[in-house]
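J.: Based on what follows, work out the 3D shape:
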Amino acid sequence: MTPEYIQNGYYMARHVFKEHDVKQFINALHSIDIESSAYGIRDLMNKVPYIREIAQSLPLLNIAQEILGQSARPVRSVYFDKNPHANWNVAWHQDTLIAVKQKAQLIHFNTWSEKQGIVHVEPPALYLDQMLTLRIHLDVTNTHTGVLRVIPGTHRQGRVSSSDILKTVEQSTVIECPAEPGDILLMNPLLFHSSRKATHPTHRRIIHLEYSVMDLPAPLEWFEAPPCPF
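T.: Reported below is the predicted structural model:
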């Protein structure tokens, strides 16, 4: 897993969770008001404690620690559901924002914003490169349901402007990442990725978890991270 992930910036781990596990995830998500935030629910670990338990469980921590190191811990979580009432295109991009508890003027931390009441900022690329995204699939994900598309190896380019991302995409082979319920896509946040609208929208539910081994410079703190035991 690790060499392929390092080379390509992504890796699909198959059958990490069983059918009954996926049903438990779906049942746990019924406790939140998904209708009011059709395109995604942020701060998922705080809103659904069961998701935090899973994020800190051995199956996921083992994956994160293999890629990042022993101090890897979950720092951000989002829930997405692409369905007939919320069906959208996602342009080619990198995930360059992190969620923090408060705003602070620090050098090289830029592009401050607020999403669903949570402060976000763009950190130096080093912080992003030392993060790992785990996308837990709760449904069959394919071309018809809005599968994630990636350009392998692009995470090694660092942070790239939107125009340069598009230039690279035009000259590259696009890879789709189909998945079954219980599969997990490992992804570097700097990997170029996108998704199209579902052509046959039903549900494309994803639990998106981000892990890091790095502490932020004071006074910044990860918004969802548990206290670091190390």
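J.: Ends of stretch 9-29, what's the gap?
T.: End-to-end distance of stretch 9-29 (Cα to Cα, to the nearest Å): 29 Å.
J.: Relative to the whole chain's centre, how far out is it?
T.: 14 Å (Cα atoms, centre = their mean, to the nearest Å).
J.: Check which residues of that stretch are buried.
T.: 9-13, 16-17, 21-22, 25, 28-29 (16 or more other Cβ atoms under 10 Å). (Glycine included, C-beta is placed from N, CA and C.)
J.: Give me the secondary structure label for His155.
T.: On the three-state scheme (DSSP: H, G, I helix; E, B strand; the rest coil), His155 is labelled helix.
J.: What sits closest to it if chain neighbours are left out?
T.: Nearest non-adjacent residue to His155, counting by Cβ to Cβ, 6 or more residues apart in numbering: Gly9, 3.5 Å away.
J.: The helix or strand of the chain with the lowest mean pLDDT - which strands sit beside it in the sheet, and in what orientation?
T.: Ranked by mean pLDDT, DSSP states H and E, the weakest helix or strand in the chain is strand 41-42, scoring a mean of 91. Partner strands and pairing direction for strand 41-42 (DSSP bridges) are strand 73-82 (antiparallel).
J.: if we can go back for a sec, thought the residue nearest to His155 was touching Pro189?
T.: No: checked against Cβ atoms under 8 Å, the pair Gly9 and Pro189 is beyond contact range at 9.3 Å.
J.: ranges for the helices of this structure?
T.: With DSSP state H as the criterion, the chain has helices at 2-8, 19-29, 44-47, 49-55, 58-68, 125-129, 162-170.
J.: wait, which of the ones you listed is closest to Thr141?
T.: helix 19-29 (12.5 Å; Cβ to Cβ).
J.: who does the closest one touch, helix- and strand-wise?
T.: Packing partners of helix 19-29 (3 or more Cβ pairs under 8 Å, 6 or more residues apart in numbering; DSSP states H and E): helix 49-55, strand 204-212.
J.: about what we covered before: residue contacts, the residue nearest to His155?
T.: If you count contacts by Cβ atoms under 8 Å, 6 or more residues apart in numbering, Gly9 has them with 150, 152-156, 187-188, 190-191.
J.: Out of these, which is nearest to Glu176?
T.: Nearest member of the contacts of Gly9 to Glu176, counting by Cβ to Cβ, is Val150, at 8.1 Å.
J.: how near is the closest one to Ala99?
T.: According to Cβ to Cβ, to the nearest Å, Val150 and Ala99 sit 23 Å apart.
J.: Tell me which of these two has more neighbours.
T.: Val150 (25 against 21; other Cβ atoms under 10 Å).
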